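Colleague: Provided below are the primary sequence and the corresponding predicted coordinates.
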Amino acid sequence: MKFFIDTANLDEIREAHELGVLDGVTTNPSLMAKVGIKGKNNIFKHYKSICDIVDGDVSAEVISTDFKGIIREGEELAEIDEKIVVKVPMIRDGVKAIKYFADKEIKTNCTLVFSAGQALLAAKAGATYVSPFVGRLDDISMDGIDLIESIVSIYENYGFLTQVLAASIRHPVHILKCAEIGADVATCPLSVITSLLNHPLTDSGLKKFLADAATFTE
């Protein structure tokens, strides 16, 4: 499974990269605003700064919802760096745009996916990634993990190359469940990734080892 970090914070991206587990980054306008990045030129420069840190794909989201607007924005974003993946919403014109980008060999991430049917359409259109939102489904008492499992099964049935990018990951159990059923990518905050480091027996075991080691120097 690939780990993407869902942020526009350069310090967090560097930290994840230094940890050695970072495969890519996903962003959106809200995350850009959260770190105070506003204005087209500044946003594009920030995307380039992210690309300079990571080795893998960086999803950059369009704002337009009409076909021509999505194409215009997507082509501009794709010119920033070869690592850029154009993030497109799961709407009618979004699916049309994904097909257009696929024919142009521009990578895409179909976002705001909440059903297997939507994921099937995205794959048929040639999306590089599809982003089902696990946590948001859980919020309305639906099982987001079940959706990931359905999409993985459908893609395996027909040999789709579209990667399942589990998004809206809220806690480490989400990551582990997605890994168990074969999601290709999990994108989440850095804190969720680093929480996988934690276990009380690791802490207590290390404490004992260090206490025992201290007696060697007495």
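Modeller: Received the coordinates, thanks. Model, not experiment: these values are computed from the prediction.
Colleague: Any regions of the protein where pLDDT drops low?
Modeller: Residues of the chain meeting the criterion pLDDT under 70: 217-218.
Colleague: Could I get the full set of helices for it?
Modeller: For the chain, the helices defined by DSSP state H cover 10-19, 29-34, 40-53, 67-78, 92-103, 116-125, 134-139, 144-158, 172-181, 190-194, 200-214.
Colleague: Would you reformat these as a markdown table and include mean neighbour count and distance to residue 4?
Modeller: Backbone N, C-alpha and C define where each C-beta goes, glycine included. Shown next, in a markdown table, are the helices of the chain (neighbours: other CB atoms under 10 Å; distance: least, CB to CB, whole Å):
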| stretch | mean neighbour count | distance to residue 4 |
| --- | --- | --- |
| helix 10-19 | 16 | 9 |
| helix 29-34 | 14 | 12 |
| helix 40-53 | 16 | 11 |
| helix 67-78 | 18 | 17 |
| helix 92-103 | 19 | 19 |
| helix 116-125 | 20 | 17 |
| helix 134-139 | 17 | 14 |
| helix 144-158 | 18 | 15 |
| helix 172-181 | 17 | 11 |
| helix 190-194 | 17 | 10 |
| helix 200-214 | 9 | 25 |
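Colleague: Any idea which of those helices gets closest to residue 61?
Modeller: Nearest of these to residue 61, taken as CB to CB: helix 29-34 at 6.3 Å.
Colleague: Run the chain-centre distance for the closest one.
Modeller: 15 Å (CA atoms, centre = their mean, to the nearest Å).
Colleague: Switch the helices of the chain over to a markdown table; also include distance to residue 60.
Modeller: As requested, the helices of the chain are exported to a markdown table (distance: least, CB to CB, whole Å):
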| stretch | distance to residue 60 |
| --- | --- |
| helix 10-19 | 14 |
| helix 29-34 | 9 |
| helix 40-53 | 5 |
| helix 67-78 | 5 |
| helix 92-103 | 13 |
| helix 116-125 | 17 |
| helix 134-139 | 21 |
| helix 144-158 | 23 |
| helix 172-181 | 23 |
| helix 190-194 | 19 |
| helix 200-214 | 37 |
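Colleague: ok, residue 124 - contacts?
Modeller: Taking CB atoms under 8 Å, 6 or more residues apart in numbering, we find residue 124 in contact with residue 160.
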